[in-house]
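**Q** I'll drop the sequence and a predicted model, then ask my questions.
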Amino acid sequence: MKKSRRKFDSSFKARVAVEALKERETLSELALRFDLHPTQISQWKQEFLENSAIIFDGTSVEKENEVDVSKLYDKIGELEMEKDFLKKSLRRLGIS
């Protein structure tokens, strides 16, 4: 029987990475404590270190991912007009 993959949320990964950074326990001890492989802990620790600078950037991730809502509404309007035009054209041709 195939064992399904476990999925970990970001708070758990961060907690494990912080514990690894504290270096109070070895990776093997942490692996036993959290029921993980030591390599996985090392990967999460490295990822945590690489992305920790984002906190002090001054720009949040939300700002980077912010979408211009007015552009989206304009695009929706444009697509609605195209759809209506195509519907009328199909009706004229008697296809619909």
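**A** Perfect, I can see it now. Numbering: from 1, shown residues only.
**Q** switch to C-alpha atoms for all contacts and neighbour counts from now on
**A** Will do.
**Q** for the protein, what spans make up the helices?
**A** Taking DSSP state H as the criterion, the chain carries its helices at 10-22, 27-34, 38-51, 61-64, 69-93.
**Q** quick check: buried residues in the first one?
**A** Okay, so that is helix 10-22. Buried residues in helix 10-22, counting neighbours by 16 or more other CA atoms under 10 Å, are found at Lys13, Val16, Ala17, Glu19, Ala20.
**Q** who touches the last one in this structure?
**A** Residues near Ala20 by CA atoms under 8 Å, 6 or more residues apart in numbering: Thr26, Leu27, Leu30, Ile41, Ser42, Lys45.
**Q** before we move on, back to that, weakest of the helices of the chain by average pLDDT?
**A** Ranked on mean pLDDT, the bottom entry among those is helix 61-64, at a mean of 59.
**Q** could you list the domains of this protein?
**A** Residue ranges for the structural domains of the chain, counted by automatic domain parsing, are given in the record as 7-57, 66-96.
**Q** just to revisit the earlier point, would you turn the helices of the chain into JSON lines with distance to Lys3?
**A** Formatted as JSON lines, the entries for the helices of the chain read as follows, by distance: least, CA to CA, whole Å:
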{"stretch": "helix 10-22", "distance to Lys3": "21"}
{"stretch": "helix 27-34", "distance to Lys3": "18"}
{"stretch": "helix 38-51", "distance to Lys3": "18"}
{"stretch": "helix 61-64", "distance to Lys3": "35"}
{"stretch": "helix 69-93", "distance to Lys3": "43"}
